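Enquirer: what's the 3D shape of this:
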Amino acid sequence: MKAAVLGGGSWGTTFAQVLCDAGTPVALWCRRPEVAAQIESTRTSPRYLPGVTLPAGLRATADAAEALADADMVVLALPAQSLRQNLTGWASLLGPDAVLVSLIKGIELGTGDRMSQVIAEVSGASPDRIAVISGPNLALEIAARQYCATVVACADESVAGRLQQACHTSYFRAYTNPDVIGCELGGAVKNVIAIAVGIAVGMGLGDNTRAMLITRGLAEIARLGTALGADQHTFAGLAGLGDLVASCSSPLARNRSFGEKLGRGMPLAAVLASTTQTVEGVKSSESVRQLARDHGVEMPITEVIAGVMHDGLAITDAVLLLASRSAKPERYGV
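Expert: Residues are numbered from 1 along each chain as shown. Below is the predicted model of the structure:
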């Protein structure tokens with residue numbers, strides 16, 4: 001199997017390394033020609049993976065046609081809101097039998113589509129050719145070859161198995177799961193919850209508050225997943241709880257770090273201006289909120305974070321809204 005990874009940011013470059021280490025030939029497409037040239041000449045990508053030496057076999061290019069030539073696996077590592085536009089431009093370059101793999105953790109604005117739905121609509125690929133990789137995958141740790149695990153989700157078990165082998169290394173362990181919907185929702189909504197946890201950390205709130213937000217955030221993910229047909233067991237696994245814990249606990253996680261700045265009193269506009277990499281929870285909070293409203297799902301943490309990101313809701317008012325919620329049974333709406 002030959003792979004093309006489209007997206008030379010931290011996670012795309014890291015996953016390209018994983019594929020190389022697993023013995024899968026891979027070409028990495030970088031939007032910036034200078035990033036591709038630097039990887040080719042120095043085996044480094046200091047903008048995205050400082051201090052990491054990339055494998056000698058990793059090819060990098062700024063030419064999408066070159067990267068996609070003869071690729072059996074096309075891995076998409078792009079910002080969620082730019083996937084449709086980019087993939088539309090590349091559609092004619094995709095092999096007719098290529099497996100299309102999403103590393104993207106977001107929900108499209110306007111449509112409320114998951115990334116696999118966008119891929120299917122743009123490419124015309126059937127569900128057995130579309131897969132999702134999701135889990136607690138902090139790029140810098142994986143690039144340093146620290147032990148981790150992930151989930152490969154595809155409706156076709158044999159395709160998931162092939163992808164599992166293509167990225168299996170001594171430090172990167174992949175598990176298969178047929179629940180594409182659950183894996184995508186876990187990856188997208190956890191970004192929103194991580195912003196909430198970051199705000200709490202920035203405000204100086206303690207471990208009890210963090211634990212509350214993580215567990216109640218997981219309940220929100222599960223409620224939405226139930227409404228959209230996901231398997232509840234997925235949310236107790238790597239693509240659910242695992243990803244949520246990593247994103248809410250690690251200072252390496254972009255969404256949590258973004259929230260911390262807000263919690264320390266930095267204005268939203270200033271935080272956005274200082275952010276150099278995509279923080280998916282910012283825009284996806286609005287998409288997830290609309291998806292929840294469309295399906296009658298109560299998601300109070302998501303509602304509040306979307307209010308802060310898009311409606312001008314002040315942080316202090318956001319905290320009061322969450323603190324003043326009426327008493328309920330722990331399990332409801334599932």
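Enquirer: do you know how far Cys148 is from Val245?
Expert: 13 Å (Cβ to Cβ, to the nearest Å). From N, CA and C alone the C-beta is placed, and that goes for glycine too.
Enquirer: need the residues touching each of the two.
Expert: Counting by Cβ atoms under 8 Å, 6 or more residues apart in numbering, the residues touching both Cys148 and Val245 are Pro136.
Enquirer: buried residues in the strand or helix carrying Ile301?
Expert: When elements are assigned from DSSP states H and E, Ile301 belongs to helix 300-310. Taking 16 or more other Cβ atoms under 10 Å as the neighbour-count basis, helix 300-310 is seen to contain the buried residues 301-309.
Enquirer: out of Cys148 and Val245, which sits in the busier spot?
Expert: Taking Cys148 and Val245 together and counting by other Cβ atoms under 10 Å, Cys148 has the greater number of neighbours (19 against 15).
Enquirer: surely that one and Glu141 touch.
Expert: Yes: the pair Cys148 and Glu141 qualifies as a contact (Cβ atoms under 8 Å) at a distance of 6.6 Å.
Enquirer: helices of the stretch 51-200 of the chain, residue ranges please.
Expert: In the stretch 51-200 of the chain, the helices defined using DSSP state H, counting those that start in this stretch lie at 64-68, 83-90, 115-123, 139-143, 157-166, 180-202.
Enquirer: neighbouring contacts of the third one?
Expert: Helix 115-123 is contacted from outside by 76, 80, 83-84, 87-88, 91, 94, 100, 102, 104, 106, 108, 111, 113, 125-127, 130, 132, 180, 184, using Cβ under 8 Å, 6+ apart.
Enquirer: if we go to 6 Å?
Expert: In this structure, residues lying in contact with helix 115-123 by Cβ atoms under 6 Å, 6 or more residues apart in numbering are 83-84, 87-88, 91, 100, 102, 104, 108, 130, 132, 180.
Enquirer: any chance of those in a markdown table, plus distance to Ala60?
Expert: Compiled in a markdown table, the contacts of helix 115-123 are given as follows (distance: Cβ to Cβ, whole Å):
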| residue | distance to Ala60 |
| --- | --- |
| Leu83 | 21 |
| Arg84 | 24 |
| Leu87 | 20 |
| Thr88 | 23 |
| Ala91 | 22 |
| Leu100 | 21 |
| Ser102 | 21 |
| Ile104 | 20 |
| Glu108 | 28 |
| Ile130 | 25 |
| Val132 | 24 |
| Val180 | 29 |
